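[1] Quick one, structure for this:
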Amino acid sequence: MMNAQWCSRQVCVRLAVLPSVFFLAVTHGQAIQPTPPVTVEVREETKDSTAVTATLTVTAQLRVSDAVLVVRAAQGVETERTRIPLNLPVKQPVNVNIPLGVQQAGEYRVQFEIQASAEGYETAGTSERRYLVADGKNPVRILTGRQLRREKRSGIESRLRELAKSGEMDVTLDSFLAGSLARIPGNQQIEHRGLIQPLAPPAGGIEPYERHQIVDGSAQVVRDRDPITVIGRIFYTDRNGSLRPLVNATVDIRDNDVGPDEHLTSVVTGWDGRFSATVNNNDGWFQNGRDIYIRVRTANGRFRVEDCSYWPDWTYAWSSETRHDLSDGAVVDFGDRQTATSNEASILFQDLNQGWNFLTTSGGQDPGFVDLCFPEDASAYSTFWEEIDIEDGDEVARDIVLHEYGHATMHNAYDGHWPSNTGGSHSFDDILNQNFAFTEGWATFITLAINDDGVYHSNGWSRTVESFTHSSGHTAGDGQVNEGHVAAGMGDVRDVNIEGNCTAGNCDPSGANAAPMTSIWRDALWRSNADNIGEYWTRLCNELNWAQRSSALQALAFNDIIVPDCACSIEVAAGDRPDAAHVVSELRDFRDRGLKNTSFGRRIIEMYYKHTREVAGLMLRDNSLRQTGLTLVQRASSARSVLLKGDTKEILVDSQVADLARNFITQAQTIGSRELRQDFETLKPLVDDLESVSAGAIGAKFEAMEMRQKKKL
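    Numbers count the residues shown, from 1 in each chain. Take a look at the predicted model:
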């Protein structure tokens, strides 16, 4: 996985120019949005220099009623048809011609909206955005947002090459693309949440496309005596039109010099939008004080929003004016500023911030770096490019962004693994491959866990997922192969809302026994590589206590997902000990701090989850095996305490414990299944390797075992 400042696109320099790699890019792992109830295709027909006819092919994917096409055109566009009732038979395309005219050259935005009703949906339409491009000479064209952006970027790249040939070396993409940080009038009402949450680290200070034009002076800028302090506050306009703090954005502090500018330092904005940085005033020989300006980017060390329409990818940025010839000890206050241009990028960036903050705090595990590209021609997550793509127009729906963020963070959690038999069109009512249903249902579950409103809001349509019911044609117990049930089932496992009739045994009991998000995300999904909800459940089940497991089983069954109860072999070994829960908690901590940190350790964890139910059953039938297991559990719990104390010389697995472990393996193999016997055979060398090894050498031992395993493979 790319978990660095520059994504794989830029490292690979868009290898899609090569036909074979391009084929891989379009066939490898595209997780697209759920199909809307109504779909629209837009093409241009008859056209001249002042007019064009947009032909819309409208298809109802299910039975809809009260369908209306609404055309919303920018000022300067002439059209006679702005509201057209439609009769839409199921799966039968209907063509609608919309004449559009312009009197002046320019670019004009046009929105084609379908408004409709359908059973099970709050709203059942869709929306498509296009741009009319007219130059007064050539025929008017209809372009997508990405096509329009690509044309502009292509022109900029040509201009940059011309400037480079003429010797102009201090011009970058920012010179053409960066917006200005607009001042906010003093009478504006500014809303902010005032949250105190973790912040991401700033992004690297210099983008790849600036490396020949910007000098990195960040290592020498801080000085204790007479420093320059740079402060300010950054805002954006949210989807409701309110000014809000732009949180976790990288602010670059730069010195405007003759020749290349000097990058001084980077910081991130806080939850109130404020930033503060301190630099020295060493402006070089015979200079009269630094000339400071700031540059704000939709990037940090955990997520980023870029324009990927034309290589190289460009991170959205906004710059201020320059404050010249600053004195020692100056405080440079840039005041309250807003990202007025390209504000969509700021909205998307804050969606990523919301997702990252939720999984890091409520979920207890940093999900890693995620890239987002806007504008694109379709909203999806690509496992090949390792990026979220958001279609121009889809930025209006936060749930679309968070759904794709759910896919991206699952890919990170799986360390690059992606379940097979996924990809392609899908909807909430479809019967899918169980892997496909899980990946899509998980992404929607993450969306609704973050928003917590029970409804998936897309672009032009919305559907309640809480208390989800599917269309006809389904059978009982098919929840594992339906993304709506997977999303609703996982939501019911997590939420505290009680649904259904518990007296009749058909309900989501949740309440105080709802599963914690840390168990759902950090403990059960992270590094699990679970392909479907059945595999995932075997991990989650063992992370929950008895009451939580009971509630989760009922919640899943309430959503037609039937999974077996689990028996945690460690809990069985601990038995009725008064400190059993504490022992289990300590061993989970030992797993998370130690075993999870190496791929060899993770294979041991996988083996445990694979066989824990069978081993638990064996111990319940064989008291001798259970007693041996209890002793091993106690010693493992003690080992965790030794490691935490940092006593590097103490032996964790002495000869007595090693003999007990060998005895346990042999006993379990004697009465266990064939698969258990085969897997447990691989544990014997592990016991031999760890016998009489000091705590300080355990990590090195695991690394050595991992290297040996890789050589065998």
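[2] so where does residue 278 fall, helix or strand?
    Per DSSP states H and E: residue 278 is located in strand 274-279.
[3] what helices or strands is that strand leaning on?
    Under the contact definition 3 or more CB pairs under 8 Å, 6 or more residues apart in numbering; DSSP states H and E, strand 274-279 sits against strand 228-237, strand 250-255, strand 261-268. Glycine gets a C-beta too; all of them are placed from N, C-alpha and C.
[4] which other residues reach the last one?
    This means strand 261-268. Applying CB atoms under 8 Å, 6 or more residues apart in numbering, the external contacts of strand 261-268 come out as 170, 199-206, 213-218, 221-222, 248-255, 275-277, 279, 292, 300.
[5] go on, the shortest one?
    With contact meaning CB under 8 Å, 6+ apart, strand 250-255 is reached by 202-203, 205, 214, 217, 230, 232, 234, 261-269, 275, 277, 279, 283, 290-297, 299-300.
[6] do the same with stretch 523-538
    Residues contacting stretch 523-538 (CB under 8 Å, 6+ apart): 365, 410, 413-415, 417, 419-420, 434-435, 437-438, 441-442, 480, 486, 489-490, 539-540, 543, 556, 561, 563, 566, 588, 592, 596, 602, 605, 609-610, 613.
[7] Please parse the chain into its domains.
    37-144, 173-360, 419-564, 567-713 (automatic domain parsing).
[8] what's the nearest residue to the residue most central in space within the chain if we skip its chain neighbours?
    Nearest to the geometric centre of the chain sits residue 405, at 2.7 Å (CA atoms, centre = their mean). Of all residues not flanking residue 405 in the chain, residue 355 sits nearest, at 4.3 Å (CB to CB, 6 or more residues apart in numbering).
[9] pLDDT averaged over the helix or strand containing residue 408 - what is it?
    Assigned by DSSP H and E, residue 408 belongs to helix 398-413. Per-residue pLDDT over helix 398-413 has a mean of 98.
[10] before we move on, what about stretch 129-145?
    Averaging pLDDT along stretch 129-145 gives 96.
[11] which residues make contact with it from outside it?
    Residues outside stretch 129-145 that contact it (CB under 8 Å, 6+ apart): 42-44, 47-52, 54, 77, 100, 102, 104-112, 148, 151, 375, 377, 391-393.
[12] Likewise for stretch 397-410?
    Contacts for stretch 397-410 (CB under 8 Å, 6+ apart): 31, 33, 239, 348, 351-352, 354-355, 359, 367-368, 370, 372, 379-381, 386-390, 394-395, 439, 442-447, 450-451, 456-459, 525.
[13] go on, stretch 152-161?
    171, 172, 173, 176, 177, 307, 309, 310, 314.
[14] buried ones in it?
    Neighbour counts over stretch 152-161 (16 or more other CB atoms under 10 Å) mark 153, 156, 160 as buried.
[15] Which one of these is nearest to residue 699?
    Nearest to residue 699 among the buried residues of stretch 152-161 is residue 153, at 48.0 Å by CB to CB.
[16] Tell me the spacing between that closest one and residue 105.
    Residue 153 is 20 Å from residue 105, where distance means CB to CB, to the nearest Å.
[17] Dump stretch 293-313 to CSV, restricted to CA.
    C-alpha atoms of stretch 293-313 as CSV (Å, rounded to 0.1, in the frame of the first residue of the first chain):
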residue,chain,number,x,y,z
TYR,A,293,3.2,34.5,2.3
ILE,A,294,1.2,31.4,3.1
ARG,A,295,-0.1,28.6,0.9
VAL,A,296,-3.0,26.4,2.1
ARG,A,297,-3.3,22.9,0.6
THR,A,298,-6.0,20.1,0.9
ALA,A,299,-3.4,17.7,2.1
ASN,A,300,-1.8,16.4,5.3
GLY,A,301,0.0,13.2,6.3
ARG,A,302,-3.2,11.1,6.2
PHE,A,303,-5.4,12.3,3.4
ARG,A,304,-5.4,14.6,0.3
VAL,A,305,-7.6,16.0,-2.4
GLU,A,306,-6.1,16.5,-5.8
ASP,A,307,-7.0,17.4,-9.4
CYS,A,308,-5.9,14.2,-11.3
SER,A,309,-7.4,15.1,-14.6
TYR,A,310,-4.0,15.5,-16.2
TRP,A,311,-0.6,14.4,-15.1
PRO,A,312,1.0,15.5,-12.8
ASP,A,313,-1.7,15.4,-10.2
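[18] for it, which positions count as buried?
    293-310, 312-313.
[19] what secondary structure does residue 456 sit in?
    strand (DSSP: H, G, I helix; E, B strand; the rest coil).
[20] no no, residue 416
    Quick answer, by three-state DSSP: residue 416 is coil.
[21] State the pLDDT value of it.
    Listed pLDDT for residue 416 reads 91.
[22] cool, residue 189 as well?
    Listed pLDDT for residue 189 reads 58.
[23] let's number from 57 now, not from 1
    Yep, numbering from 57; the last one is residue 245 now.
[24] Can you pull out the low-pLDDT segments for the stretch 457-606 of the chain?
    Where the stretch 457-606 of the chain drops to pLDDT under 70, the residues are 527-529.
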